[in-house]
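*Asks:* sequence and predicted structure below; questions after.
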There are 2 protein chains.
Amino acid sequence: MRHFIHELDELQNRLLEMGGLVESSIHESVLALIERRVRRTDTVWSNEIRINRLEIEIDELATRLLALQQPIAGDLRFITAAIKINTDLERMGDLAVNIAQRALTLIEEPAANAPVDIHKMAVLAQQMVRKCLDAFVRRDPDLAREVLLSDDEVDALRTSIYRGSIEFMKQDPAMIAEGVDLILISRHLERIADHATNIAENTLFLVKGIDVRHQAEA
Amino acid sequence: MRHFIHELDELQNRLLEMGGLVESSIHESVLALIERRVRRTDTVWSNEIRINRLEIEIDELATRLLALQQPIAGDLRFITAAIKINTDLERMGDLAVNIAQRALTLIEEPAANAPVDIHKMAVLAQQMVRKCLDAFVRRDPDLAREVLLSDDEVDALRTSIYRGSIEFMKQDPAMIAEGVDLILISRHLERIADHATNIAENTLFLVKGIDVRHQAEA
C-alpha cells in the first residue's frame, strides 16, 4: 500500500515535470519569434525529446498501476485522468514545436510589424498550463474553474490577432505569408489553451464528480 | 464473464458509431463548402451532439469496466486504448464543426476559386478515420500501418494548399480572408489525420505491444 501511494506520487510528479517543460517550450518559442533569436528555440527541441519520453513512461506507469494494484474509486479516477492529461501535455509540447518552427521561418523574413499581441496570448496560455496542473495536483476546483474562465480571453485574443493580421496583409500584400504565419501561431496557442481547458475539466470531474464537458449543449 | 465480453463489444460498437459520425461530419462540412450549400452543415451540428454524448458514455463504460472487472493484460490494454481513442474521436468531431463554421463564412463571400484541392484532402482524411477504426476493431496491424503511411500524403496536400492559397492571395489581395480560411480548413483536416494516426499507433501498441510513437527521435 505504501508502495502504491509512492507510485501515485511518482505519476503526479512526472506529469508536473512534463507541464514545466511545456511551459518552458511555449515561453522560449514565442520569445524566439519576438526577439528574433534562433538560439532561443534550442530549449524547445531538447524539451520535446524529454516530453516524448515522459509520455511513454507515464503511460507505462499508469497501465502498471491499473494492472497490479487494481485500484478503485478515487484512485482509479485519478489514474484514468492522468492517462488523459498525459496525452494533452504531449500535444501541447508538439504545438510549442510548431510555434518554434514557424518562428524560425518568420525570423528569416523582414520583421513583420503586425499590430498583434502574440506575446500576451502566449503568457496567458502559459498561465493556463501552470494553473490547470496546480489545480489537478491540489485537487482544487476553484483553480480549475479559473482556467475555464480564461478561455474567453483566449478567444478574444485569437479574434483580435486574426483581424489585425488580415488588415496588415491587406495594407501590404508583400507580407501575406508573414500574416498567415502569425494567424497560425495564434491558432497553436489557442489549441494549447484548449488542452489546458481539457485538463481543468478532467480535474473538476476528478474532484467533484461533475462532468462539465459539453455543458453548453445540455 | 459473458457479461464482460458483451460490455467490451459494447465499448467497441460505440467507438465505431462515433467514427461513423465523424466521417459523416467531415464529408458534409467539406461538401457544404464545395457546393456552397448551407443546409449541408445541418448533419454536422446534429452529429456533434451525438458525438459528445457518446464521448461521455464511452468514458463511463470504460471506467466501469476497469472498476468492476479489474481486467488484466490484453483486456486492460484494450480498455485504456479505448479511453484514448474516444478522446481522439471527440476532437475530430470538433474539428469537423470548425470546418463547417468556416464553410458558412466562406459561402457568404464571393466564390474563392483558389487552385487548391481541399476535397482530395478531405477524402483522404475520411479514409484514414475509417481505416484506423477498422484496424483497431479487427486488431489488424497492416491496416494500421497503412494509416501511418497516408500521413505523408496529407503533409504534401497541406503544403500544396498552403502554397496555392498564398499565391492566390498575392494575385488578388481582395481575397485575403478567403485564402486564410482555406489554409485554416486544410489545417483542421491535417489535425483530423493526426488523430487518425494516433489511433493507428494505439492499435499497433495494442496488437503488437510495440510503441511506434516518437520513433523518429529514437
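*Replies:* Arrived safely, thanks for sending. Residues are numbered from 1 along each chain as shown, chains lettered A, B, ... in the order given.
*Asks:* what about the helix or strand harbouring residue A:59, average pLDDT?
*Replies:* Following DSSP states H and E, one finds residue A:59 within helix A:42-69. For helix A:42-69, mean pLDDT rounds to 93.
*Asks:* for it, which helices and strands make contact with it?
*Replies:* helix A:2-35, helix A:73-108, helix B:73-108 (3 or more C-beta pairs under 8 Å, 6 or more residues apart in numbering or on different chains; DSSP states H and E). (C-beta placed from N, C-alpha, C; glycine too.)
*Asks:* chain B contacts on chain A?
*Replies:* Contacts of chain A with chain B, taken as C-beta under 8 Å from any C-beta of the partner chain, map to A:48-49, A:52-53, A:55-56, A:62-63, A:66-67, A:70, A:72-73, A:76-77, A:80, A:83-84, A:87, A:162, A:166, A:169-170, A:173, A:176-177, A:179-180, A:183-184, A:187, A:211, A:213-214, A:217.
*Asks:* any of these buried? List them.
*Replies:* A:48, A:52, A:55, A:62, A:66, A:70, A:76-77, A:80, A:83-84, A:87, A:162, A:166, A:169-170, A:176-177, A:179-180, A:183-184, A:187, A:211, A:213-214 (16 or more other C-beta atoms under 10 Å in any protein chain shown).
*Asks:* helix B:73-108 and the host helix or strand of residue A:190, what's the angle between them?
*Replies:* If you go by DSSP H and E, residue A:190 is part of helix A:176-208. Per axes from the mean of the first three to the mean of the last three C-alpha atoms, to 10 degrees, the angle that helix A:176-208 makes with helix B:73-108 is 130 degrees.
*Asks:* residue ranges in chain A under the pLDDT threshold?
*Replies:* Within chain A, the stretches with pLDDT under 70 are A:1-2, A:210, A:212, A:214-218.
*Asks:* switch to 90 and redo it
*Replies:* A:1-8, A:63-64, A:66-77, A:108-116, A:205-218 (pLDDT under 90).
*Asks:* which of the residues in the helix holding residue A:190 are buried?
*Replies:* Buried-residue list, helix A:176-208, by 16+ other C-beta under 10 Å: A:176-207.
*Asks:* also stretch A:35-51?
*Replies:* Residues of stretch A:35-51 classed as buried: A:40-41, A:43-44, A:47-48, A:51 (neighbour count, 16+ other C-beta under 10 Å).
*Asks:* between the residues you listed, which is nearest residue B:113?
*Replies:* residue A:41 (37.7 Å; C-beta to C-beta).
*Asks:* what sits against that closest one?
*Replies:* A:28-29, A:32, A:100, A:103-104 (C-beta atoms under 8 Å, 6 or more residues apart in numbering or on different chains).
*Asks:* if we go to 10 Å?
*Replies:* Contact analysis of residue A:41 by C-beta atoms under 10 Å, 6 or more residues apart in numbering or on different chains lists A:25, A:28-29, A:31-33, A:96-97, A:99-101, A:103-104, A:107.
*Asks:* look at residue A:140 and say how many residues are nearby.
*Replies:* Residue A:140: 16 surrounding residues under other C-beta atoms under 10 Å in any protein chain shown.
*Asks:* not counting sequence-adjacent ones, nearest residue to it?
*Replies:* Sequence neighbours aside, residue A:134 is the residue nearest to residue A:140 in space, at 7.0 Å (criterion: C-beta to C-beta, 6 or more residues apart in numbering or on different chains).
*Asks:* if I look at that neighbour, how far off is residue A:51?
*Replies:* Counting by C-beta to C-beta, to the nearest Å, the gap from residue A:134 to residue A:51 is 19 Å.
*Asks:* now swap in residue A:184 and tell me
*Replies:* 21 Å.
*Asks:* export the helices and strands packed on helix A:42-69 as TSV, with columns for distance to residue B:128.
*Replies:* What follows is these, written out as TSV (distance: least, C-beta to C-beta, whole Å):
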stretch	distance to residue B:128
helix A:2-35	27
helix A:73-108	18
helix B:73-108	10
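*Asks:* for residue A:123, find the nearest of these.
*Replies:* So among those, helix A:2-35 is nearest, using C-beta to C-beta, at 8.4 Å.
*Asks:* got the buried residues for stretch A:118-135?
*Replies:* A:118, A:121-122, A:124-135.
*Asks:* so which of these comes closest to residue A:150?
*Replies:* Ranked by distance to residue A:150 (C-beta to C-beta), the buried residues of stretch A:118-135 are led by residue A:128 at 5.3 Å.
*Asks:* which element is that closest one on?
*Replies:* Using DSSP H and E, residue A:128 sits within helix A:118-138.
*Asks:* please state the offset of the helix or strand following that helix from the chain centre?
*Replies:* Per DSSP H and E, helix A:118-138 leads on to helix A:141-171 as the next helix or strand towards the C-terminus. Relative to the centre of its chain, helix A:141-171 is centred 15 Å away, using C-alpha atoms, centre = their mean, to the nearest Å.
*Asks:* who are the packing partners of helix A:141-171?
*Replies:* Judged by 3 or more C-beta pairs under 10 Å, 6 or more residues apart in numbering or on different chains; DSSP states H and E, the packing partners of helix A:141-171 are helix A:118-138, helix A:176-208, helix B:141-171, helix B:176-208.
*Asks:* I'd say residue A:159 and residue A:117 touch.
*Replies:* No: checked against C-beta atoms under 10 Å, the pair residue A:159 and residue A:117 is beyond contact range at 12.0 Å.
*Asks:* any residues in contact with both of the two?
*Replies:* What both residue A:159 and residue A:117 touch, as defined by C-beta under 10 Å, 6+ apart, is the set residue A:186.
*Asks:* for residue A:89, grab the count of nearby residues.
*Replies:* Around residue A:89 there are 28 residues (other C-beta under 10 Å).
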